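Visitor: Structure for this input, please:
(one chain, ligands or ions: 1)
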Amino acid sequence: MTISADNSNKERVYIFDTTLRDGEQSPGATMTLEEKLQVAELLDEMGVDIIEAGFPIASVGDFEAVTAVAKQVKNSTIAGLARAIPADIDRAGEAVRHARRGRIHTFVSTSPIHLAHQMRKTGDEVIEIIQKTVTQARNLIDDVEWSAMDATRTPIEYLMRCVETAIKAGATTINLPDTVGYAVPEEYTAMFRTIIEKVPGADKVIFSVHCHDDLGMAVANSLAGVVGGARQVECTINGLGERAGNAALEEVVMALRTRGDAMPYYTNVETTHLSRASRIVSAASNFPVQYNKAIVGKNAFAHESGIHQDGMLKNAETYEIMTPESVGIKATTLVMGKHSGRAAFKDKLKELGYELGDNAFQEAFVRFKDLADRKKHIYDADIIALVDDEVGSIDDRIKLVDMEVVSKTSGVHRCVMTLSIDGEESEVTFDGMGSVDAIFNAIKQGVGQDPHLVLYAVDGVTGGTDAQANVHVRLEMNGRIASGNASRWATPVQSRAPSLVPGALRSASKSM
Ligand SMILES: [Zn+2]
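Guide: Next comes the predicted model:
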């Protein structure tokens with residue numbers, strides 16, 4: 001099967017990535033400014049058309065992140081989200097002002113259930129709000145997207161009035177989201193068809209889909225919206241997002257690419273970046289990717305059964321509808337060892353898509369040598385984990401200096417830990433029901449706070465008992481969530497002990 005790169009008879013679909021806004025809103029997925037910039041740079045490089053960088057009015061941090069992304073990004077349009085409130089719109093306008101191409105994305109609820117219970121407004125009042133807020137946004141910037149929150153549960157006649165109002169007020173993109181993940185594909189197609197056919201001025205704007213995965217239909221619904229006439233898809237890397245998440249960017253893009261015969265549309269996304277984007281977002285958001293996740297899961301291209309393997313050996317097309325290389329997965333080969341030098345390491349990084357500055361390279365090389373001293377076979381995945389981890393580590397206030405854990409099949413588990421807090425070292429000892437319990441009890445005692453452990457997940461970067469371990473930790477205290485993620489050698493090494501303490505306790509600013 002050959003995939004045609006000929007897009008001449010296909011229509012362009014714009015990819016609007018909202019990993020940094022909708023994705024970051026999922027509890028625990030808070031990213032630091034550095035991480036957001038790293039993700040934005042990657043999305044820009046990939047050819048994502050629009051990057052929604054945040055919700056500027058939500059917090060100073062959000063405002064600063066949108067501003068920084070707007071300044072950094074070279075090609076993509078940068079969108080800032082705003083409620084239908086004048087102060088929100090001004091703030092969003094201010095944040096995206098520095099972008100080469102900026103967009104204000106303003107939204108208001110349109111469904112009866114939202115109007116009655118959340119907004120306490122009548123239909124006519126909402127129409128007036130749409131007219132005023134879209135006009136305000138258009139006076140600030142040429143590129144304005146308007147969203148009808150909960151569009152799929154809004155009666156079509158009223159939705160048409162809203163859309164017409166937004167278009168007349170100057171909206172250039174109209175987004176009709178399935179906010180609660182309730183739609184089925186046929187319905188969603190029909191909704192777009194009706195609106196595009198009947199609303200005056202619909203031919204002058206781009207329609208957009210934004211689907212949530214509550215019933216597992218986000219990608220199917222997004223594609224159904226495209227069939228109905230939408231030409232922008234809002235999505236996130238790894239399907240990150242509120243509740244069950246958004247439509248996954250990698251799935252939408254690869255579905256259109258692989259089944260261009262059934263769906264005559266194309267995107268400008270360079271698909272060989274997808275695998276790396278998934279890893280970086282997973283590390284930054286601290287949301288592990290499920291093994292059998294389509295396109296980017298560890299097992300997405302693994303053929304285990306004998307029959308499948310036999311077929312694959314004879315001809316890959318027997319069971320493979322797309323190649324691992326097309327999403328940027330390279331065959332896991334034995335690459336490096338303790339005798340590999342600086343130049344070889346630099347070449348390997350380049351091959352894997354990394355360009356590190358001098359200091360970052362030096363630091364990564366030291367860690368590579370450290371790992372090579374202890375682990376015989378170093379695979380691409382080891383190097384990726386080692387480098388990605390480095391990118392995320394910041395000036396942590398709390399550092400783990402030393403740790404000893406005693407675990408027995410019978411009896412208590414004990415952890416002796418030395419922490420450095422703001423440069424001051426102290427040792428604590430704590431017993432627990434198991435080793436994790438003992439470790440976290442020791443941390444609580446050392447730090448003097450009592451957070452609840454929400455998530456603790458460990459997985460091997462590669463196979464083998466000598467594999468590096470990737471550890472994800474999420475803590476919650478008084479509504480604040482802090483996340484940590486580190487890839488380390490499975491056996492704690494005295495000089496470089498695993499960083500189990502989540503970095504600077506980052507607070508999650510909950511918005512919308
Ligand atoms: Zn959403």
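
Visitor: Return the residues in contact with residue 451.
Guide: With contacts taken as C-beta atoms under 8 Å, 6 or more residues apart in numbering, residue 451 has the following neighbours: 444, 475, 476, 477, 482. No exception for glycine: its C-beta is placed from N, CA and C like everyone else's.

Visitor: By neighbour count, which of the residues you listed wins?
Guide: residue 475 (24 neighbours; other C-beta atoms under 10 Å).

Visitor: what's the distance between that residue and residue 10?
Guide: 47 Å (C-beta to C-beta, to the nearest Å).

Visitor: before we move on, back to that, closest one of the contacts of residue 451 to residue 366?
Guide: Of all those, residue 366 sits closest to residue 482, with 27.5 Å by C-beta to C-beta.

Visitor: distance of that closest one from residue 128?
Guide: Residue 482 is 42 Å from residue 128, where distance means C-beta to C-beta.

Visitor: What of residue 213?
Guide: Per C-beta to C-beta, residue 213 is found 34 Å from residue 128.

Visitor: Which of the two has more residues huddled nearby?
Guide: The residue with more neighbours, out of residue 213 and residue 128, is residue 213; 21 against 13, by other C-beta under 10 Å.

Visitor: who's in contact with the residue lying closest to the more buried one once chain neighbours are set aside?
Guide: Setting aside the residues directly before and after it, residue 213 is nearest to residue 244 in space (C-beta to C-beta, 6 or more residues apart in numbering), at 4.2 Å. Going by C-beta under 8 Å, 6+ apart, residue 244 touches 181, 212, 213, 214, 216, 218.

Visitor: Figure out how far stretch 402-422 is from the centre of its chain.
Guide: 34 Å (C-alpha atoms, centre = their mean, to the nearest Å).

Visitor: Tell me which helix or strand residue 414 sits in.
Guide: Here residue 414 sits within strand 413-421, counting by DSSP states H and E.

Visitor: got the residue ranges for the helices in the stretch 151-300 of the chain?
Guide: Applying DSSP state H, counting those that start in this stretch to the stretch 151-300 of the chain gives helices spanning 156-168, 185-198, 218-227, 249-258, 274-285.

Visitor: Let's have these in TSV, adding mean neighbour count, mean pLDDT and distance to residue 97.
Guide: Output for those, formatted as TSV (neighbours: other C-beta atoms under 10 Å; pLDDT from 0 to 100; distance: least, C-beta to C-beta, whole Å):
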stretch	mean neighbour count	mean pLDDT	distance to residue 97
helix 156-168	19	98	22
helix 185-198	18	98	31
helix 218-227	25	98	30
helix 249-258	24	98	26
helix 274-285	24	92	26
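
Visitor: so which of the ones you listed comes closest to residue 30?
Guide: With respect to residue 30, and counting by C-beta to C-beta, the nearest of the helices of the stretch 151-300 of the chain is helix 274-285 at 8.0 Å.

Visitor: Off-centre distance for that closest one?
Guide: The gap between where helix 274-285 is centred and where its chain is centred comes out at 7 Å by C-alpha atoms, centre = their mean.

Visitor: So which elements touch it?
Guide: Identification of packing neighbours for helix 274-285 by 3 or more C-beta pairs under 8 Å, 6 or more residues apart in numbering; DSSP states H and E yields helix 33-46, helix 249-258, helix 380-392.

Visitor: so that helix versus helix 249-258, what angle?
Guide: 170 degrees (axes from the mean of the first three to the mean of the last three C-alpha atoms, to 10 degrees).

Visitor: Next one: the residue nearest to residue 213 from residue 219, what distance?
Guide: Separation of residue 244 from residue 219 (C-beta to C-beta) stands at 12 Å.

Visitor: anything in contact with each of the two?
Guide: The overlap between the contact sets of residue 244 and residue 219 (C-beta under 8 Å, 6+ apart) consists of residue 213.

Visitor: Distance to residue 432 for the helices of the stretch 151-300 of the chain - can I get that in a markdown table?
Guide: Formatted as a markdown table, the helices of the stretch 151-300 of the chain follow (distance: least, C-beta to C-beta, whole Å):
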| stretch | distance to residue 432 |
| --- | --- |
| helix 156-168 | 55 |
| helix 185-198 | 49 |
| helix 218-227 | 40 |
| helix 249-258 | 39 |
| helix 274-285 | 28 |
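
Visitor: The residue nearest to residue 134 when sequence neighbours are not counted: how many residues sit nearby?
Guide: Counting by C-beta to C-beta, 6+ apart, residue 134 lies nearest to residue 169, which is 3.7 Å off, once chain neighbours are set aside. Here the number of neighbours of residue 169 (other C-beta under 10 Å) works out to 18.

Visitor: Would you mind giving both backbone torsions of residue 406?
Guide: Main-chain dihedrals, residue 406, degrees, to the nearest 10: phi -110, psi 120.

Visitor: Is it correct that it is in contact with residue 413?
Guide: Yes: the criterion here is C-beta atoms under 8 Å, and residue 406 meets it with residue 413 at 6.7 Å.

Visitor: Which one's more surrounded, the two?
Guide: A count of neighbours by other C-beta under 10 Å puts residue 413 above the other of residue 406 and residue 413, at 19 against 13.

Visitor: Tell me how far that one lies from residue 33.
Guide: 38 Å.

Visitor: next one: residue 139
Guide: Separation of residue 139 from residue 33 (C-beta to C-beta) stands at 30 Å.

Visitor: same thing with residue 113?
Guide: 36 Å.

Visitor: May I ask you to confirm that residue 403 belongs to a helix?
Guide: No: counting by DSSP: H, G, I helix; E, B strand; the rest coil, residue 403 falls outside a helix, being strand.

Visitor: May I have the beta-bridge partners of it?
Guide: Per DSSP bridges, the residues bridged to residue 403 are residue 417.

Visitor: any low-confidence regions in the protein?
Guide: 1-5, 303-313, 317-319, 331-335, 389-395, 488-512 (pLDDT under 70).

Visitor: Go again with 50.
Guide: Applying pLDDT under 50 to the chain flags residues 1-2, 392, 490-512.

Visitor: re the thing from before, of all the contacts of residue 244, which comes closest to residue 97?
Guide: For those, the nearest to residue 97 is residue 212 (30.2 Å; C-beta to C-beta).

Visitor: so the closest one makes contact with residue 239?
Guide: No: using C-beta under 8 Å, residue 212 and residue 239 do not qualify as a contacting pair, with a distance of 9.6 Å.

Visitor: neighbour count winner among these two?
Guide: Neighbour tally, residue 212 and residue 239, criterion other C-beta under 10 Å: the higher count belongs to residue 239, 28 against 25.

Visitor: And the closest residue to the more buried one other than its chain neighbours, how far from residue 241?
Guide: Closest residue to residue 239 apart from its sequence neighbours, by C-beta to C-beta, 6+ apart: residue 248 at 3.5 Å. Residue 248 sits 9 Å away from residue 241, taking C-beta to C-beta as the criterion.

Visitor: now swap in residue 339 and tell me
Guide: Using C-beta to C-beta, we find residue 339 at a distance of 45 Å from residue 241.

Visitor: Who has more neighbours out of the two?
Guide: For the pair residue 339 and residue 241, the greater number of neighbours falls to residue 241 (28 against 7), based on other C-beta under 10 Å.

Visitor: so is residue 457 in a helix, a strand, or just coil?
Guide: Assignment for residue 457 (three-state DSSP): strand.
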